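**Q** Sequence first, predicted coordinates after that:
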Amino acid sequence: MIRRFVVAVGISFALVAGALASIPAASAVQARPKPASYTPPPVQWGTCTDPRLAARKAECGYVVVPLDYTRPNGTKIQLAVSRIKHKTPDAQAQGPMLVNPGGPGGSGLIYAVFGEFVPNGAGDAYDWIGFDPRGVGSSKPALSCIPDYAGYNRPLYVPVTRQIEQVWLQRSKAYAAACDNAQHALLSHLTTLDSVRDMESIRMALGAPQINYYGFSYGTYLGQVYGTLYPNRFRRVIFDGVVNATRVWYDANLDQDFAFNKSVKVFFAYVAAHNSVWHLGTTERAVELRYYAELRKLIGHPADGKIGPDEWNDIFTQAAYYVYGWVDVASAFAAWVHDHNAAPLVDLYGGPPFDDNGYAVYLGVSCTDAKWPTNWQTWRRDNWSIYAKAPFLTWNNAWFNAPCAFWPAKAGHPVKVDGSRVQSVLMINETLDAATPYSGALQTRKTFPNSVLIEGVGGTTHAGSLSGVTCTDDRIVAYLQTGALPPRVSGNRSDVRCPPVPAPQPEAAMAAATAKSGAMRQALRPSNPWER
């Protein structure tokens with residue numbers, strides 16, 4: 001559940017269930033694969049159908065790539081790409097900047113607009129390239145299995161009876177089977193390695209000797225693998241919300257369960273600190289108890305016939321990912337508790353219609369990048385153990401990933417990431433980021449010895465760069481303008497310590513200002529919070 005769909009997931013993201021599967025032994029980790037031999041035709045650029053891209057005079061087209069890179073002359077698929085060209089004189093142009101918003105499964109086509117959000121015109125010298133990874137969005141074919149799978153009135157996440165557990169298991173099996181029926185051939189070719197080779201095909205189709213890269217959440221893992229295979233093709237690289245490549249993917253979700261339980265408590269403490277506004281409790285514990293009390297009341301009695309305990313948990317998960325929507329979530333919480341007004345909750349959840357494309361590709365990548373336990377006893381044991389200590393997201397996360405226990409495509413082994421030949425990476429991670437825990441950023445800093453890590457000290461926001469924090473944004477601007485990184489310090493720690501993305505003030509005027517600062521992310525996030 002990396003998913004990172006705020007500027008995307010979504011984390012993802014990725015950004016984006018976990019439990020205690022062991023990390024693959026060294027002998028089981030894939031050695032560096034040989035680069036695939038395929039040269040795509042140039043992109044035939046045309047107009048964009050997305051009005052946001054069209055308004056900015058972006059260009060859109062497709063990159064033709066093999067479904068299977070081991071058979072470069074076989075079946076071809078199409079990757080949707082977009083471009084907003086540099087605004088500087090050609091002599092000052094810095095080349096293409098590919099952006100991946102996370103997931104896996106996040107649509108990135110709109111991210112050609114991202115350059116305009118970089119302060120001081122520091123993005124103007126780049127050709128900003130958005131793209132939908134294989135299976136996603138406007139790429140052809142796109143994967144969809146059961147569109148309303150995250151619709152209202154699902155079974156309770158926490159399997160307090162064997163009957164509930166069996167219903168979820170049957171749902172998970174049915175979803176995996178539906179994906180197989182929808183795109184059987186595609187399912188075996190949705191790995192991160194496939195997408196890395198697609199990135200290299202995009203580079204070649206653009207006719208560029210190197211690419212710049214801005215990856216969020218899962219996009220940082222995509223970048224880590226690309227840098228392992230094609231280190232000399234990387235120029236300036238930014239990773240925001242950094243994935244621990246040694247934990248993909250079963251273990252990574254375990255890490256998230258503990259991290260989300262901690263980050264949501266920070267939100268509850270914020271609500272308590274503003275009890276004069278929301279009247280939900282004067283301590284973190286009081287607000288937390290109110291959250292769980294209301295969740296229990298919704299079992300069998302969904303608010304407005306739509307928001308049951310699962311949807312309730314999904315809505316609050318937004319607050320555990322990012323500070324941007326804290327006022328909205330807290331206000332919806334209060335409206336329900338005090339007035340039984342479910343409308344704000346329904347608005348936050350979104351749908352119908354629902355769309356499972358991002359979720360389907362999330363599974364398509366996650367389930368095949370690395371092996372998952374196929375014995376449900378393992379999942380049951382691990383998740384109940386975690387739930388006893390970290391109840392907030394554990395079973396939500398488990399069922400989010402449960403189709404991987406039944407996935408029809410064969411899983412491989414993760415690429416052993418080696419960033420020693422990548423010349424420079426600027427990384428950003430907040431200390432209490434739940435989707436990509438801070439320990440992953442430290443691990444990646446070791447793996448990429450030419451990297452520098454900016455820490456948003458004490459923050460809970462996932463992949464939140466360019467949110468108006470001057471300390472962080474000024475260093476991004478400097479890096480994009482000159483390629484210069486801040487000094488790297490010794491030890492297993494961050495190199496630069498900055499304030500986190502600030503929590504919003506609930507008063508109307510300050511809330512409006514916060515909404516403006518987060519407008520980029522709010523405009524680009526999906527309507528369905530289950531997509532992360």
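**A** Sure thing, it's come through. What you see is a predicted model, and the numbers here were worked out from it, not measured in a lab. Residues are numbered from 1 along each chain as shown.

**Q** what is the rounded mean pLDDT of the longest helix along the chain?
**A** Once the chain is assigned using DSSP state H, the helix that runs over the most residues is helix 250-273. Averaged across helix 250-273, the pLDDT comes to 98.

**Q** if I look at the closest residue to residue 302 other than its chain neighbours, how far off is residue 228?
**A** Once flanking residues are discounted, residue 302 sits nearest to residue 308: 3.9 Å by C-beta to C-beta, 6 or more residues apart in numbering. All C-beta spots, glycine's among them, are computed from the backbone N, C-alpha and C. Separation of residue 308 from residue 228 (C-beta to C-beta, to the nearest Å) stands at 43 Å.

**Q** likewise residue 410?
**A** From residue 410 across to residue 228, the span is 22 Å (C-beta to C-beta).

**Q** who's more crowded, those two?
**A** Counting neighbours by other C-beta atoms under 10 Å for residue 410 and for residue 228 shows that residue 228 has the greater number, 23 against 10.

**Q** tell me the SS of the more buried one?
**A** Assigned with DSSP: H, G, I helix; E, B strand; the rest coil, residue 228 falls in the helix class.

**Q** Going by neighbour count, list what's buried in stretch 292-303.
**A** 294-295, 298, 302-303 (16 or more other C-beta atoms under 10 Å).

**Q** Stretch 462-478 too?
**A** Buried residues in stretch 462-478, counted by 16+ other C-beta under 10 Å: 462-467, 469, 472-473, 475-478.

**Q** Just the residues you listed: which are in helices?
**A** 472-473, 475-478.

**Q** Spell out the residue ranges of the helices in the stretch 251-400 of the chain.
**A** Counting by DSSP state H, counting those that start in this stretch, the stretch 251-400 of the chain has helices at residues 275-278, 284-297, 309-321, 326-339, 343-349, 357-369, 376-387, 394-401.

**Q** how about the ones in helices among the buried residues of stretch 462-478 in a markdown table, adding distance to residue 61?
**A** Shown next, in a markdown table, are those (distance: C-beta to C-beta, whole Å):
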| residue | distance to residue 61 |
| --- | --- |
| 472 | 33 |
| 473 | 31 |
| 475 | 33 |
| 476 | 28 |
| 477 | 30 |
| 478 | 33 |
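
**Q** And those residues, which is closest to residue 244?
**A** Distance to residue 244 across those (C-beta to C-beta) is lowest for residue 472, with 20.9 Å.

**Q** doesn't residue 456 make contact with the closest one?
**A** Yes - using C-beta atoms under 8 Å, residue 472 is in contact with residue 456, at 6.8 Å.

**Q** any common contacting residues for those two?
**A** Both residue 472 and residue 456 are contacted by 428, 498, under the criterion C-beta atoms under 8 Å, 6 or more residues apart in numbering.

**Q** burial count for the nearest residue in space to residue 172 that is not next to it in sequence?
**A** Leaving aside its sequence neighbours, residue 172 sits nearest to residue 402 (C-beta to C-beta, 6+ apart; 3.9 Å). When neighbours are defined as other C-beta under 10 Å, residue 402 has 24 of them.

**Q** Ok, the one 10 residues further on next?
**A** Residues within reach of residue 412, counting by other C-beta under 10 Å, total 15.

**Q** what about it, is that helix, strand or coil?
**A** With three-state DSSP as the basis, residue 412 sits in coil.

**Q** shouldn't it be in contact with residue 369?
**A** Yes - with contacts counted by C-beta under 8 Å, residue 412 reaches residue 369, the gap being 7.0 Å.

**Q** got any residues that touch both of the two?
**A** Here residue 412 and residue 369 have 191, 193 as joint contacts, going by C-beta under 8 Å, 6+ apart.

**Q** Residue 193: which of the helices of the stretch 251-400 of the chain is closest?
**A** Nearest to residue 193, of all the helices of the stretch 251-400 of the chain, is helix 357-369, at 8.0 Å by C-beta to C-beta.

**Q** same for the closest one, what does it pack against?
**A** Here helix 357-369 touches helix 162-182, helix 184-187, helix 192-206, going by 3 or more C-beta pairs under 8 Å, 6 or more residues apart in numbering; DSSP states H and E.

**Q** shaky segments in this protein?
**A** Across the chain, the ranges flagged by pLDDT under 70 are 1-32, 34-36, 508-532.

**Q** how about the residue lying farthest from the centre of it, what does it touch?
**A** The centre of the chain is farthest from one residue, residue 91, which by C-alpha atoms, centre = their mean lies 35.1 Å away. Contacts for residue 91 (C-beta under 8 Å, 6+ apart) come out as none.

**Q** shouldn't residue 169 be in contact with residue 376?
**A** Yes - look at residue 169 against residue 376 with C-beta under 8 Å: they come within range, at 6.8 Å.

**Q** Residue 60 - that's part of a strand, no?
**A** Yes - counting by three-state DSSP, residue 60 falls inside a strand.

**Q** so what's it bridging to?
**A** On the basis of DSSP bridges, residue 60 is bridged to residue 46, residue 82.

**Q** burial measure for it, as a count.
**A** Residue 60 has 22 neighbours, counted by other C-beta under 10 Å.

**Q** What of the one 4 residues further on?
**A** By the measure other C-beta under 10 Å, the count of residues near residue 64 is 17.

**Q** isn't it right next to residue 40, touching?
**A** Yes - using C-beta under 8 Å, residue 64 is in contact with residue 40, at 5.5 Å.

**Q** hmm, back to that, out of the helices of the stretch 251-400 of the chain, which gets nearest to residue 204?
**A** With C-beta to C-beta as the criterion, residue 204 lies closest to helix 357-369 of the helices of the stretch 251-400 of the chain, at 22.4 Å.
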